[in-house]
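# make a model of this:
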Amino acid sequence: MTAVYAVAVDTRRPTPRLFAAATSEHWGPTILHSDDLGASWDEPDHAPVAFPKDIDAALGRVWQIQPGPASDPDLVYAGTEPSALFVSHDGGVNFELVRPLWDHPHRENWAAGYGGQAIHTIVPHAGEPERLLVAMSTGGVYRSFDGGASWSPANKGIKATFNPEDQRYPEYGQCVHKVAGDCGDPDRLYLQNHNGVYRTDDWGGTWTSIADGLPGEFGFPVVANPARPDHAYLFPLVSDYLRFTPEYRCRVYGTTDAGATWAEVGAGLPAAGFYSIVLRDAFSADAQDNLYFGTRSGELYAGGAGGWTRVAENLPDVLSVRAATLG
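Numbering: from 1, shown residues only. As a prediction, this is how the structure comes out:
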């Protein structure tokens with residue numbers, strides 16, 4: 001009876017650590033961790049994520065948990081509602097607010113998307129630990145080159161379709177849904193926007209549309225293959241005003257050339273009468289070329305190019321799916 005909005009698998013230590021961002025209607029939001037693959041869970045005796053007393057804000061929920069670089073196995077990030085970034089230096093037990101982002105002059109203009117106003121994506125740079133990128137709805141993409149000490153918007157080329165015609169490409173304010181990093185090039189990122197799919201090859205300096213060949217530009221998740229460069233996956237919907245899959249078919253689309261072309265991935269998904277969707281955190285991939293996604297109608301699928309299998313059904317809304325190869 002507790003909603004879990006985000007999970008994470010941290011494989012940087014000899015013993016993997018799992019994280020779960022849970023929200024109790026009675027006790028509020030918290031982050032738990034497990035060092036025995038979920039057989040038992042530990043929760044601090046205090047709120048692990050909380051705004052300092054001098055800030056007039058209350059934590060709504062934790063939307064994202066992201067382990068830091070392998071060089072610092074105790075570094076863990078959390079993205080929250082309202083849009084804030086927290087960092088832990090003790091393996092995800094205690095978190096502190098990243099004040100420079102909270103104090104950014106743009107913050108007062110960040111608005112709420114349909115699901116809330118939150119940082120839902122955190123992408124550490126694979127090659128340079130001091131570089132960190134976040135995305136939020138709404139507000140767009142922001143990046144730091146100095147470990148979070150300063151932040152700047154990184155939305156050049158991303159369209160805000162809900163703005164007036166002469167304000168479609170603002171400096172910030174876009175409703176970005178998810179960002180994923182390519183495993184072969186740490187400066188290459190893929191982005192699913194509120195209407196639009198983009199790629200950057202300079203870590204957010206400029207974004208270019210790669211939506212040609214997709215049956216729809218709207219959607220929530222984007223996943224990059226953790227073992228194959230230039231491979232990424234989407235779950236397209238028709239549009240923001242028709243949030244159903246094209247032709248009411250359940251379909252995953254993938255690219256093997258960094259978005260130059262797209263094709264339907266695998267067979268075995270519902271071919272007709274599918275009215276559910278996949279949320280931004282409910283799609284994942286492992287290093288063995290397996291894909292996993294969960295739906296708002298409580299189904300979990302696993303597979304890929306070789307075909308799909310429904311491995312669970314009749315669950316509540318699936319909000320977060322994470323996969324990792326252990327050992």
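# which residues in this structure form helices?
Ranges of helices in the chain, per DSSP state H, are 99-102.
# any idea which residue sits dead centre in it?
Among the residues of the chain, the one closest to the centroid is Thr121, at 4.2 Å (C-alpha atoms, centre = their mean).
# check what pLDDT the closest residue to that residue other than its chain neighbours gets.
Nearest residue to Thr121 in three dimensions, chain neighbours excluded: Ala135, at 3.9 Å (C-beta to C-beta, 6 or more residues apart in numbering). Any C-beta I mention is one placed from the backbone N, CA and C, and that applies to glycine too. At Ala135, the pLDDT value in this model is 98.
# same question for Ser40.
With respect to pLDDT, Ser40 scores 98.
# for the residue nearest to the centre of the chain, give me the pLDDT.
For Thr121, the pLDDT comes out at 98.
# residue contacts, it?
Contacts for Thr121 (C-beta atoms under 8 Å, 6 or more residues apart in numbering) come out as 64, 79, 133-136, 176, 178-179, 280.
# Tyr198: what's it in contact with?
Tyr198 sits next to 157-158, 190-191, 207-211 when contact means C-beta under 8 Å, 6+ apart.
# in a markdown table: those residues, plus distance to Phe95, pLDDT and neighbour count.
Shown next, in a markdown table, are the contacts of Tyr198 (distance: C-beta to C-beta, whole Å; pLDDT from 0 to 100; neighbours: other C-beta atoms under 10 Å):
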| residue | distance to Phe95 | pLDDT | neighbour count |
| --- | --- | --- | --- |
| Gly157 | 33 | 98 | 17 |
| Ile158 | 29 | 98 | 28 |
| Tyr190 | 28 | 98 | 24 |
| Leu191 | 26 | 98 | 27 |
| Trp207 | 30 | 98 | 26 |
| Thr208 | 35 | 98 | 12 |
| Ser209 | 36 | 98 | 16 |
| Ile210 | 35 | 98 | 22 |
| Ala211 | 36 | 98 | 18 |
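# from those residues, which single one is nearest Val197?
Distance to Val197 across the contacts of Tyr198 (C-beta to C-beta) is lowest for Ala211, with 4.4 Å.
# surely the closest one and Gly196 touch.
Yes: with contact defined as C-beta atoms under 8 Å, Ala211 reaches Gly196; the gap is 6.2 Å.
# angles on the backbone of Leu214, please.
phi -90, psi 150 (degrees, to the nearest 10).
# go ahead and confirm it touches Arg251.
No: with contact defined as C-beta under 8 Å, Leu214 and Arg251 do not form a contacting pair (10.2 Å).
# what sits in contact with each of those two?
Shared contacts of Leu214 and Arg251, defined by C-beta under 8 Å, 6+ apart, comprise Pro236.
# pick out the most distant pair among the contacts of Thr121.
Largest separation among the contacts of Thr121 by C-beta to C-beta: Leu133 and Arg280, giving 15.6 Å.
# of the two, which one has the most company?
Neighbours were tallied for Leu133 and for Arg280 using other C-beta atoms under 10 Å; the higher tally belongs to Arg280 (24 against 21).
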